[in-house]
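[1] okay, here's the prediction I keep looking at, along with the sequence it came from:
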Protein chains: 2
Amino acid sequence: MARTKEFNEDKALDKAIEIFWHKGYNGTSAQDLVTHLGLSRSSLYDTFGDKQKLFAKALKKYHEENYIKIKEILEASVNIKETLSVIFKLAIVESLEDRITKGCFMVNSSVELAMHDEEIAKIVTMNSQLMEEVFTNAVKKGQEAGHISKKLEAKVLARFIFNNYSGIRVLARTGERNKQVYDDIVKAVFSVL
Amino acid sequence: MARTKEFNEDKALDKAIEIFWHKGYNGTSAQDLVTHLGLSRSSLYDTFGDKQKLFAKALKKYHEENYIKIKEILEASVNIKETLSVIFKLAIVESLEDRITKGCFMVNSSVELAMHDEEIAKIVTMNSQLMEEVFTNAVKKGQEAGHISKKLEAKVLARFIFNNYSGIRVLARTGERNKQVYDDIVKAVFSVL
DNA sequence: TTTATTCAGGAACGATTGTTCCGTTTTATT
DNA sequence: AATAAAACGGAACAATCGTTCCTGAATAAA
């Protein structure tokens, strides 16, 4: 009985991820959203509720997509150490190529909002836990296969890897464009594995 | 010929660091500043210019104090490895004790503003360079004294250490309160040194 | 064709934003 | 005591904030 939506909600959400990722939550105005998503104020609020809800939904989508991607890559991997190296290299290439250095949407959101917004804090915590889990399982597999040193526990290494991944994303956000800096960090990280 | 200031500019700046650190730049309103610094709008603007200038001045002060502190500790150290361990432990204790988890003002500001504000970007870059320099010199000294492995170059290790320091500060900002997570990261980091 | 629903556009909302200005008070110097 | 400079509190500014509401157009089902 009703008119059909003229926009794709999923694509609109991707646009929301883009603009929030670039400008942050507080830095993105309602007008920015209208302009960037390309839909009217009324449609925007009818569809997503309000700015906070839209942000939470965008962050959740970002988390799901990234988490699944890394999970699948690691679970399909036969040589975890090499796969981890690929994951880091991808993050570095992304950091160096991006004209507008956006860093990592999850890291940015943690820093800006985790302590002021409970719902965002939940998403961040869930992401951290799942990432730790995925990395831990991967490291275990790598240790069993003899590709990764057993000197340190899998969970210890997983947390260590994730910490350096976060650090690199912060570095990217600051606009660091010297590849050598990233390579040095990865080199040191892999000397542990 | 003029009236004397009723407030201490330096102490007001410390208050500004506090509120900006806690709420971020965009999250802190002019009213927040008036309330927290305890001085009138007119005094605030007469003394510091505007919000952006006040923020930059606060961040610069934060940088100078922290940089000098770490520099002095490391230069006075006889066992660099132990001193680095102390520095990390202090950061962890600070993270776990702080009721309102503020993370690191420099990291927070990098993520929120570095790519949108050139002056802030300059401060962040300067801080990174100086910290890298201090850490590099320290590692060199540690390597010469035989306390730190020479397997990797001093600069590589310095960047690696700084990256993990940043990562830990992000973790703190997310509100992580499990000490084991921090300890695991430090354990892995020190296995390289 | 009618009806019900939801779309898009934009005007308008009150609240809050960062900032300025004014009138008064204070005080060090002359 | 007179003067000049600056700090003070608070009113007021225009602009922008996130959000709501109203209008008419569009369209799928009855």
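    Arrived safely.
[2] would you map the helices across chain A?
    Per DSSP state H, chain A carries helices over the ranges A:9-23, A:30-37, A:41-48, A:51-76, A:80-97, A:105-113, A:118-144, A:154-173, A:179-190.
[3] save those as JSON lines, and put in mean pLDDT and mean neighbour count too.
    All C-beta atoms are positioned from the backbone trio N, CA, C, and that covers glycine. As requested, the helices of chain A are exported to JSON lines (pLDDT from 0 to 100; neighbours: other CB atoms under 10 Å in any protein chain shown):
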{"stretch": "helix A:9-23", "mean pLDDT": "92", "mean neighbour count": "18"}
{"stretch": "helix A:30-37", "mean pLDDT": "92", "mean neighbour count": "16"}
{"stretch": "helix A:41-48", "mean pLDDT": "89", "mean neighbour count": "15"}
{"stretch": "helix A:51-76", "mean pLDDT": "96", "mean neighbour count": "17"}
{"stretch": "helix A:80-97", "mean pLDDT": "92", "mean neighbour count": "16"}
{"stretch": "helix A:105-113", "mean pLDDT": "94", "mean neighbour count": "25"}
{"stretch": "helix A:118-144", "mean pLDDT": "97", "mean neighbour count": "18"}
{"stretch": "helix A:154-173", "mean pLDDT": "96", "mean neighbour count": "24"}
{"stretch": "helix A:179-190", "mean pLDDT": "97", "mean neighbour count": "19"}
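[4] out of these, which comes closest to B:Gly175?
    Comparison of these against B:Gly175 by CB to CB identifies helix A:118-144 as nearest, at 6.3 Å.
[5] what's the end-to-end length of stretch A:73-84?
    Terminal residues of stretch A:73-84 lie 9 Å apart, using CA to CA, to the nearest Å.
[6] now check it, is it near chain B?
    No. Judged by CB under 8 Å from any CB of the partner chain, stretch A:73-84 makes no contact with chain B; its nearest approach is 13.8 Å.
[7] got a list of contacts for that stretch?
    Stretch A:73-84 is contacted by residues A:86-87, A:134-135, A:137-139, A:141-142, A:145, A:147-148, A:161, A:190, A:193 when judged by CB atoms under 8 Å, 6 or more residues apart in numbering or on different chains.
[8] ok, 6 Å please
    Here stretch A:73-84 makes contact (CB atoms under 6 Å, 6 or more residues apart in numbering or on different chains) with A:Val134, A:Ala138, A:Lys141, A:Gly142, A:His147, A:Ile148, A:Leu193.
[9] that one: how far from the chain's middle?
    19 Å (CA atoms, centre = their mean, to the nearest Å).
[10] next one: stretch A:134-144
    20 Å.
[11] equivalent analysis for stretch A:46-63, please.
    16 Å.
[12] do stretch A:96-115 as well
    8 Å.
[13] may I have it as PDB, with CA atoms only?
    Extracted in PDB, the C-alpha atoms of stretch A:96-115 (Å, rounded to 0.1, in the frame of the first residue of the first chain):
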ATOM      1  CA  LEU A  96      49.600   4.900   3.100                       C
ATOM      2  CA  GLU A  97      47.200   4.900   0.100                       C
ATOM      3  CA  ASP A  98      44.200   6.600   1.700                       C
ATOM      4  CA  ARG A  99      44.300  10.300   0.700                       C
ATOM      5  CA  ILE A 100      42.200  11.100   3.700                       C
ATOM      6  CA  THR A 101      43.800   9.100   6.400                       C
ATOM      7  CA  LYS A 102      40.900   7.600   8.400                       C
ATOM      8  CA  GLY A 103      42.800   5.200  10.600                       C
ATOM      9  CA  CYS A 104      40.400   2.500  11.900                       C
ATOM     10  CA  PHE A 105      36.800   3.300  12.500                       C
ATOM     11  CA  MET A 106      36.700   1.100  15.600                       C
ATOM     12  CA  VAL A 107      39.800   2.600  17.200                       C
ATOM     13  CA  ASN A 108      38.600   6.200  16.400                       C
ATOM     14  CA  SER A 109      35.200   5.500  17.900                       C
ATOM     15  CA  SER A 110      36.800   3.900  21.000                       C
ATOM     16  CA  VAL A 111      38.800   6.900  21.700                       C
ATOM     17  CA  GLU A 112      36.100   9.400  21.000                       C
ATOM     18  CA  LEU A 113      33.000   7.700  22.600                       C
ATOM     19  CA  ALA A 114      33.600   4.500  24.500                       C
ATOM     20  CA  MET A 115      33.700   6.300  27.900                       C
END
